[in-house]
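Novice: Everything below, folded, please.
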Amino acid sequence: MGVELKRNVKDAWWRSIVQERDDIIGMDTSILMNPKVWEASGHVASFSDPLVECKACHLRWKADDLTETKCPSCSGELTEERMFNTMFKTFIGPVEEDAAVVYLRPETAQGMFVNFPNALSTGRKRLPFGIAQQGKAFRNEITTGNFIFRSREFEIMEFEYFIKPGTQDKWFEYWLNERYQWYQKLGIKTDHLKLHHKKKEELAHYALAATDIEYDFPMGWGELEGIASRGDFDLTQHASTSGKSMEYYDDETKERYVPYVVEPSVGVDRAILVFLCDAYDEEPDKDEIRVVLHFHPDIAPIKVAVLPLSRKENLAAFARDVYKDLRPCFATQYDDTQSIGRRYRRQDELGTPYCVTLDFQSLEDNMATIRERDSMHQIRVPVPALKNTLLAKLAGEDLFVLPEGGKIWKQG
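Specialist: Numbers count the residues shown, from 1 in each chain. Predicted structure coming up:
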């Protein structure tokens, strides 16, 4: 189920950023690039974290994460801070020599920056426009942990939005609001989100402004997504190193200039952690506790479960036909083991929005029961209308808006 959740989160992001807009195009750049790219971007010189080591147990820690001046593991004395470059280094070809050194990318952004002229010419876009990318990134983190909050290999979703200099404040605010609202639209509770506007001393050397969207994780508030106003630093650096112009010609003003950039960036795994934490709930249900994941339908790993009331051959064959009909439309699961109550609970724990139950009466009246996860209300609808009814409910229609021949079956 985890891989389906991950795919759905990525698809929801891509749909919002690329598919539903006409000013952002998608791109897929290399994990291994010419090392001069990372020299130009400043990563070789300064993509570093402060490292301290315990003199007693020799465990190493990221100094920024420590709240005390002693080892979190054994309370031993720590060494002085030293900077540790977090890029993974490897070699191209059969000989390990300085000339063959390359790096695993720590972000996808630089691949989009160096391909800006290509995107401009082939995408036939005018400013403002963006380039979006999802892909693997690698960082040799000093300390990982908190489940999937911080890891050395992860996926990232980010885009570079190229704009005319002087308009950066407007577009920074626009994208900050858009990204904040995206999480709300997918069901994240507002009181679990907040904005951290970075002070001047907190900004990266290239940033004109930066704000983190933070989430109240079980281990405390932490960064979910960063939105940065990067100015023209990246394009200027790559133009200077490569000797290739990164200027944009504005047909309206007849000007040439290097565009400024606003960049929203989020880790896929961190977003998944947020959706899991926010969706999880334990509710009293008679003498038991119902565990449920209140996933938004767009990201739920399974959209619909088909549950025959019995394994008897005639009902099972009927249920299998319904299952076969629904599978091409959305992720569907078939479950015929244990009692119907236990099967409902399993689907609640998976976050499945709707369960379709077929019983012996279904063989007579050609009707099916739809159960809604959150309210546990049920409706009865004709099997021929089942597919379109489920599509409408998954798109946000109220459960009690009934198709022709449908009826309310159970409330709560």
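
Novice: Report the buried residues of the longest helix seen in the chain.
Specialist: Assignment by DSSP state H gives helix 168-185 as the longest helix of the chain. Neighbour-count burial for helix 168-185 flags 168, 171-172, 175-176, 179-180, 182-183 (criterion: 16 or more other Cβ atoms under 10 Å). In short, each C-beta sits where N, CA and C put it, glycine included.

Novice: what's it in contact with?
Specialist: By Cβ atoms under 8 Å, 6 or more residues apart in numbering, the residues outside helix 168-185 that reach it are 13, 16, 128, 161, 163, 190, 193, 195, 208-209, 211, 213, 224-225, 227, 229, 231, 260, 262, 264, 266, 274, 296.

Novice: These, buried ones only, as a ChimeraX selection?
Specialist: Buried members of these, identified by 16+ other Cβ under 10 Å, are gathered into one ChimeraX selection as follows:
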select :13,16,128,161,163,193,208,209,211,213,224,225,227,229,231,260,262,264,266,274,296
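
Novice: In helices, which of the contacts of helix 168-185 fall?
Specialist: Secondary structure defined by DSSP H assigns 13, 274 of the contacts of helix 168-185 to helices.

Novice: which residues are in contact with stretch 311-328?
Specialist: Contacts made with stretch 311-328 from outside it, assessed by Cβ under 8 Å, 6+ apart, are listed as 304, 306-310, 332, 334, 336, 356, 358-360, 362-363, 368, 383, 386-387, 390.

Novice: Export the buried residues of helix 168-185 as JSON lines, with columns for distance to Thr29 and pLDDT.
Specialist: Shown next, in JSON lines, are these (distance: Cβ to Cβ, whole Å; pLDDT from 0 to 100):
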{"residue": "Gln168", "distance to Thr29": "24", "pLDDT": "97"}
{"residue": "Trp171", "distance to Thr29": "23", "pLDDT": "98"}
{"residue": "Phe172", "distance to Thr29": "24", "pLDDT": "98"}
{"residue": "Trp175", "distance to Thr29": "21", "pLDDT": "98"}
{"residue": "Leu176", "distance to Thr29": "25", "pLDDT": "98"}
{"residue": "Arg179", "distance to Thr29": "22", "pLDDT": "98"}
{"residue": "Tyr180", "distance to Thr29": "27", "pLDDT": "98"}
{"residue": "Trp182", "distance to Thr29": "23", "pLDDT": "98"}
{"residue": "Tyr183", "distance to Thr29": "26", "pLDDT": "98"}
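
Novice: Same list (those residues) but as TSV, adding distance to Leu104.
Specialist: Formatted as TSV, the buried residues of helix 168-185 follow (distance: Cβ to Cβ, whole Å):
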residue	distance to Leu104
Gln168	31
Trp171	31
Phe172	30
Trp175	28
Leu176	30
Arg179	27
Tyr180	31
Trp182	29
Tyr183	29
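
Novice: what about the helices in the stretch 1-150 of the chain?
Specialist: If DSSP state H, counting those that start in this stretch is used as the criterion, the helices of the stretch 1-150 of the chain fall at 2-14, 35-41, 43-46, 109-114, 116-123.
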